[in-house]
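Colleague: Give me the fold of what follows.
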Amino acid sequence: MVRNKQNTPGIIKYPFWRMTYQNPKAVYACVNLGEAVVPKEIAERAICIDGDIGAGLKKLK
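Modeller: So this is what the prediction gives:
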């Protein structure tokens, strides 16, 4: 799996990427403005939205 040591939020992402990789029934989902990416190993089981989660939640009201 790809690791970017300069991406501090990645400290949070890595465990979820690993769990998704290890569990074939898992799906990884993220909403992240400008950085909605996943490792190629889990790309087929990932839902990534490149957007502002705050703006998206406001639209749901």
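
Colleague: With only the CA atoms kept, save the top helix by length along the chain in CSV.
Modeller: Determined from DSSP state H, the single longest helix within the chain is helix 10-22. Output of helix 10-22 as CSV, limited to C-alpha atoms (Å, rounded to 0.1, in the frame of the first residue of the first chain):
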residue,chain,number,x,y,z
GLY,A,10,-3.2,9.9,6.5
ILE,A,11,-2.5,8.7,10.1
ILE,A,12,-6.3,8.4,10.3
LYS,A,13,-6.8,7.0,6.8
TYR,A,14,-4.1,4.2,6.9
PRO,A,15,-5.9,2.0,9.4
PHE,A,16,-9.2,2.2,7.4
TRP,A,17,-7.4,1.5,4.2
ARG,A,18,-5.7,-1.5,5.8
MET,A,19,-9.0,-2.8,7.2
THR,A,20,-10.6,-2.5,3.8
TYR,A,21,-7.7,-4.3,2.2
GLN,A,22,-7.9,-7.1,4.7
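
Colleague: Which positions in whatever helix or strand comes next after that helix come out as buried?
Modeller: Per DSSP states H and E, the first helix or strand lying C-terminal to helix 10-22 is strand 28-31. Of the residues in strand 28-31, Tyr28, Cys30, Val31 count as buried by neighbour count, 16 or more other C-beta atoms under 10 Å. Just so you know, the C-beta spots here come from the backbone N, C-alpha and C atoms, and that holds for glycine as well.

Colleague: For the residue most central in space within the chain, list each beta-bridge partner.
Modeller: For the chain, the residue nearest the mean C-alpha position is Cys30 (3.9 Å; C-alpha atoms, centre = their mean). The partner list for Cys30 in beta bridges (DSSP bridges) reads Cys48.
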